[in-house]
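[1] mind looking at a prediction? Sequence and model below.
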Amino acid sequence: MLASLTRLQRYYLYYTCGFLSFIGALAVLEQHGMPPRWIGYAFLCFTISMYALIGIVCRTSDVSEYYVAGRRVPAFFNGMATGADWMSAASFIGLAGTLYLSGFQGLAYVIGWTGGFVLVALLLAPYLRRFGQYTIPDFLGARYGGNAIRLVAVAAAILASFVYVVAQIYGVGVITSRFVSLQFEIGVFVGLAGILVCSFLGGMRAVTWTQVAQYLILIVAYITPVAILSYNVTGNPVPQLVYGQVLQQVTQLENRLFQSPVEVEVRELYRERADLYAQKIMQLPQSLNFEREQLSAQINKLKASDAQMKDIVALERQHRDLPHDPDQARARWENAMFSAVDRSKTPIHHAEAFPGETVEEQDIMRVNFLALIFCLTIGTAALPHVLTRYYTTPTVRQARESVFWSLLFILLLYITAPAYAVFAKYEVLSHLAEIPITKLPGWVAAWAKIGLVSIEDINADGILQLAELSLNPDVIVLATPEIAGMPYVVSGLVAAGGLAAALSTADGLLLTITSSLSHDVYYRIFRPDASTQFRLVISKSMLLVVAILAATVAAQKPGTILSMVSWAFSIAGSAFFPALVLGIFWERATRAGALAGMVVGILLSIYYIIRVEFDSIPILGISGFGMEPWFHIQSTSGGLFGVIAGFMTIIVVSLLTKPDPRAASFLNTIRFRNGDAP
Amino acid sequence: MISNADLHWRKTRRLTFTLIFLWIFITFGLTWFARSINEVVILGFPLGFYMAAQGALVLYLIIIWWYNRQMKKLDAEFGIEDD
């Protein structure tokens, strides 16, 4: 059987076996008392040195190898590489948590991030491959002609990719600091090293083969814990098949718990607290002064009596921690108010679609759900780092097939994520709710220590009610091994998987940014006569600069970066999708039309996101420009308007301008290569 | 007279748009009614939840597989060799 495999398949089979026996060896060592920290180090060293090894073996100084892996990547492996390229730290760590918190509403991500590949397969991949150059701006430049469109495309590609790459490096920092207890900033630069070893020497070629290796690690790491958990709960190790029954149990538990009198009482207490904060915010700044005076008075009273020193210190700390000025107080109290409001609401049933008290509320949920799916699918079909991957197959047919493999490999993770969420919810509802707080399992305290789980006994009955527990979405995947009582080696495996997901996506994005700068801007626009040697030198130095820039930004821990990632989809979708699809399917689309459509699409998306999301930008000193969303669409789906406007602008402007005589012959080459060209 | 290239393109386009409409129906049409079809229970899942979590994904895979199969036939019929 071994002999029937190709050389590559054999290599990756050996590699997978090697990785599995490495896990086995660590599991045995853990039984013999190897400390958890060492297990973390072992995973970190093993995986990064594997990636480095592949990177060094695949080093290259050939332009085609560097940008498109020599177009020698078979469909099957390109599918795996695309899977790793596509699934980021957000998919690996965040998705299951989002599904846990928002139930059915979170499934928009599952549909959106997989459905987009149908658009890639049918509308884009075969044509891009037959065109056969290096980047997406290349394609737009060749179809419409001119440097202006190339520059707009480069700007959009960088805008969408840079935020995304910063988020990946940030993810690496979080994982390394949590599992190997490195300092966050050091973790970021370890991640940077992990990225550079692959992409710097070997470009796309090394990145491709590393991504295949990373895919194997991340999928094993994602499925193992939930399979064990599934076996523990249902006796069947295939979670995707059996979580329907668990979901029914969850619904029963929800029906009982949500309406129990003590839960209702706790929610009422949170509602009162929210009202209290609302009052205090209304009465600023007097309320802040009043609070300060009250605390001082209390401290003085305690000092006058012979109270314990401990109590006085505690009060003094409270006094010190009070907000310094009304603005800070407003921000802090608003946060507290919103979190109290959240907890005071009746929780939603996990499987309920478009939950809402009234029909209007349900319709708003439904419209937002569909709008989010729209943006995510279009964004998926327009993110340059994924589309570039379809340049790397040997033939058009293999490009088509590799989209099939991509979706299959991606599906394995996305079909598992909802199961993760349901099993985690089952554990929480059946083993945490109504349990005395002193008897909670150990993992709750461990994760509470780093702030990912928080518990507050607001009604002081010593028992945990659901509304008193709040979980950070990241904790679902990271803590599942502990929830199911698995040995630490499984936690280490999960960390290695998250690391692989973040590194592989960062590699792909970084290459997209550098090839946009070095190939599209430097070579195509400024120095078309540059030697291939020099082009690679430029490429590699750009890579270094962009990577260090991204790591420096990530090391600042920008809080908003994670929410900005979803905007990348809107921006990429509205910039590229209309221009690419109309460029391929509509001969009449002209340069002026495409240029106008791309600019209008990007600007409208950004305009909508900024005006709905923010009310002021302190750095620019402007404020008060917030607006009501159109049709209740949230800012994460701002691309909906951008994409529609992009399509309409291209069509209208193209019809107003003169047809491009070269379009027909270009389209003939990408639609039908060896034919009777006119 | 229609050239080979035009005929090939016409057939490709018909296949592409048929499958895209199917895709739109699955992605947006079925999902629109998720609340109503949740009443039906399949393998323990409410149907609306099942479609969004697994059913649609598998259908996407089948769409791509079917497209590849038909395109392979079409290319062979017109003698398009891969480069």
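    Done, it's in. Computed from a predicted model, the values in this text were never measured in an experiment.
[2] any idea of the pLDDT on residue A:563?
    Listed pLDDT for residue A:563 reads 67.
[3] I meant residue A:593, not that one.
    92.
[4] and it, how many neighbours?
    By other Cβ atoms under 10 Å in any protein chain shown, 26 other residues sit near residue A:593. All C-beta atoms are positioned from the backbone trio N, CA, C, and that covers glycine.
[5] which residues touch the closest residue to chain B within chain A?
    Nearest residue of chain A to chain B (Cβ to the nearest Cβ) works out as residue A:244 at 2.9 Å. Neighbour list for residue A:244: B:42, B:43, B:44, B:45, B:50 [criterion: Cβ atoms under 8 Å, 6 or more residues apart in numbering or on different chains].
[6] again, only this time at 10 Å
    By Cβ atoms under 10 Å, 6 or more residues apart in numbering or on different chains, the contact list for residue A:244 reads A:351, A:419, A:422, B:41-46, B:49-50, B:53-54.
[7] and if you look at residue A:476?
    The contact partners of residue A:476, by Cβ under 10 Å, 6+ apart, come to A:93-101, A:417, A:420-421, A:423-425, A:428, A:452, A:483.
[8] what residues does the stretch 351-500 of chain A put near chain B?
    Neighbours of chain B within the stretch 351-500 of chain A, by Cβ under 10 Å from any Cβ of the partner chain: A:351-356, A:362, A:365-367, A:369-370, A:373-374, A:377, A:393-408, A:410-411, A:414-415, A:417-419, A:421-422.
[9] any chance you could map the strands in the chain?
    In the absence of a named chain, chain A is used. Here chain A has its strands, by DSSP state E, at A:453-455, A:469-471, A:616-617, A:622-623.
[10] meant chain B, my bad for not saying
    Counting by DSSP E, chain B has strands at residues B:41-42, B:45-46.
[11] what's the first one in contact with?
    Defining contact as Cβ under 10 Å, 6+ apart, one finds that strand B:41-42 is touched by A:244, A:248, A:351, B:47, B:49, B:50, B:51, B:55.
[12] hmm, 8 Å instead?
    A:244, B:47, B:50.
[13] distance from it to the middle of the chain?
    Strand B:41-42 sits 24 Å away from the centroid of its parent chain (Cα atoms, centre = their mean, to the nearest Å).
[14] about what we covered before: between the contacts of residue A:244, which has the most around it?
    residue A:422 (30 neighbours).
[15] and the pLDDT at the residue lying closest to that residue once chain neighbours are set aside?
    Leaving aside its sequence neighbours, residue A:422 sits nearest to residue A:243 (Cβ to Cβ, 6 or more residues apart in numbering or on different chains; 4.7 Å). Listed pLDDT for residue A:243 reads 87.
[16] residue contacts, residue A:243?
    A:230, A:418, A:419, A:422, A:423.
[17] quick check, central residue of chain B?
    residue B:63 (3.3 Å; Cα atoms, centre = their mean).
[18] settle this for me: that one is touching residue B:23, isn't it.
    Yes. Shown here, residue B:63 and residue B:23 form a contact pair, counting by Cβ atoms under 8 Å, at 6.0 Å.
[19] now the common contact residues for the two.
    Shared contacts of residue B:63 and residue B:23, counting by Cβ under 8 Å, 6+ apart, come down to A:118, A:122.
[20] ok, the spatially closest residue to residue A:315 that is not a sequence neighbour - how many residues close by?
    Excluding the flanking residues, the one nearest residue A:315 by Cβ to Cβ, 6+ apart is residue A:299, at 5.1 Å. Number of residues near residue A:299 (other Cβ under 10 Å) recorded here: 18.
[21] do you know how far residue A:299 is from residue A:320?
    11 Å (Cβ to Cβ, to the nearest Å).
[22] do residue B:21 as well
    Distance from residue B:21 to residue A:320, by Cβ to Cβ: 64 Å.
[23] can you name the two of the contacts of residue A:244 that are farthest apart?
    Farthest pair in the contacts of residue A:244 (Cβ to Cβ) is A:419 and B:41. Separation: 17.3 Å.
[24] just the pLDDT for the residue in chain B that chain A sits nearest to.
    Across chain B, the shortest distance to chain A (Cβ to the nearest Cβ) belongs to residue B:44, at 2.9 Å. You'll see residue B:44 listed with a pLDDT of 80.
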